[in-house]
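# Take this sequence and fold it.
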Amino acid sequence: MNTNQIYLATETNFGYKLVKANKIINWDKYNVVNSGPDEYYLERKSEYKLINLDNIGQYNFTNCKINDCVINDGSYQAKSLTKLLTIIYKLINNKDQIIKNSKINIQPIENKTKGYENLKKMGISYPKPDSNLAIYEIINQCQISNIKLVIKFELAIKSLIKIKV
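The predicted structure follows:
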């Protein structure tokens with residue numbers, strides 16, 4: 001699609017006027033999406049800020065939304081950081097390594113106490129960490145286990161960030 005051929009109808013006091021879209025739209029901020037024969041719409045490009053792992057403590061991950069998660073070149077659906085942590089632990093699949101390198105209190109037993117996650121096949125349980133501790137644990141375990149991870153978040157304050165391990 002040639003953006004020079006796109007016109008927008010703008011309403012005036014005397015009716016509608018066609019204006020070349022490239023005169024009023026910054027194309028660097030939009031994608032043109034084909035929705036049918038001769039039908040297109042504009043989709044705003046998401047601008048994720050890549051944050052440095054050294055300054056991750058400056059961000060609050062409480063109530064964040066995971067928009068995209070890629071682990072070792074495969075896409076994963078994780079609705080929460082606790083679920084993402086469980087996915088990482090299952091990929092590592094080494095109880096001793098996880099316990100040795102963990103930043104949270106992992107127990108080598110099944111704990112049925114409310115607020116604990118249990119991975120029965122590995123024989124470990126851990127208290128569900130708050131979002132900020134969970135992100136530290138996810139990054140730590142991925143770095144130690146050489147797991148490639150790219151996560152895109154929308155924070156509660158509506159800013160978009162991206163973490164790459």
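
# What is the neighbour count of Gln58?
Residues near Gln58, counting by other C-beta atoms under 10 Å, number 8. (C-beta placed from N, C-alpha, C; glycine too.)

# Show me what the lengthiest helix in the chain is packed up against.
What stands out as the longest helix in the chain, according to DSSP state H, is helix 131-144. Packing partners of helix 131-144 (3 or more C-beta pairs under 8 Å, 6 or more residues apart in numbering; DSSP states H and E): helix 81-92, helix 95-101, strand 149-154.

# strands paired with the last one, and their directions?
So that's strand 149-154. strand 65-71 (antiparallel), strand 160-164 (antiparallel) (DSSP bridges).

# Off-centre distance for it?
Its chain's average C-alpha position is 3 Å from that of strand 149-154, according to C-alpha atoms, centre = their mean, to the nearest Å.

# now it against helix 131-144, angle please.
If you take axes from the mean of the first three to the mean of the last three C-alpha atoms, to 10 degrees, strand 149-154 sits at 160 degrees to helix 131-144.

# per-domain residue ranges of the chain.
3-44, 49-164 (automatic domain parsing).

# what's the span of the longest one, first residue to last?
In domain 49-164, first residue to last residue: 11 Å (C-alpha to C-alpha, to the nearest Å).

# What average pLDDT does it get?
In this model, domain 49-164 has an average pLDDT of 91.

# hang on, the earlier thing: relative to Cys142, which of the strands paired with strand 149-154 is closest?
Each of these has some distance to Cys142 by C-beta to C-beta; the shortest is strand 65-71, at 8.1 Å.

# Could you give me the buried positions within that closest one?
Ile66, Cys69, Ile71 (16 or more other C-beta atoms under 10 Å).

# Identify, from those residues, the entry nearest to Thr82.
For those, the closest approach to Thr82 (C-beta to C-beta) belongs to Ile66, at 11.1 Å.

# tell me the contacts of that closest one?
By C-beta atoms under 8 Å, 6 or more residues apart in numbering, the residues touching Ile66 are Ala78, Lys79, Ser80, Leu81, Leu84, Ile151, Lys152, Phe153.

# So Gln107 sits against Met122, correct?
No. Using C-beta atoms under 8 Å, Gln107 is not in contact with Met122, being 11.5 Å away.

# Pick out whichever of those two has more residues nearby.
Legend: neighbour count by other C-beta under 10 Å for Gln107 and Met122, higher for Met122 (18 against 15).

# tell me the contacts of that one?
Applying C-beta under 8 Å, 6+ apart to Met122 gives the contacts Tyr89, Lys90, Asn93, Lys95, Ile98.
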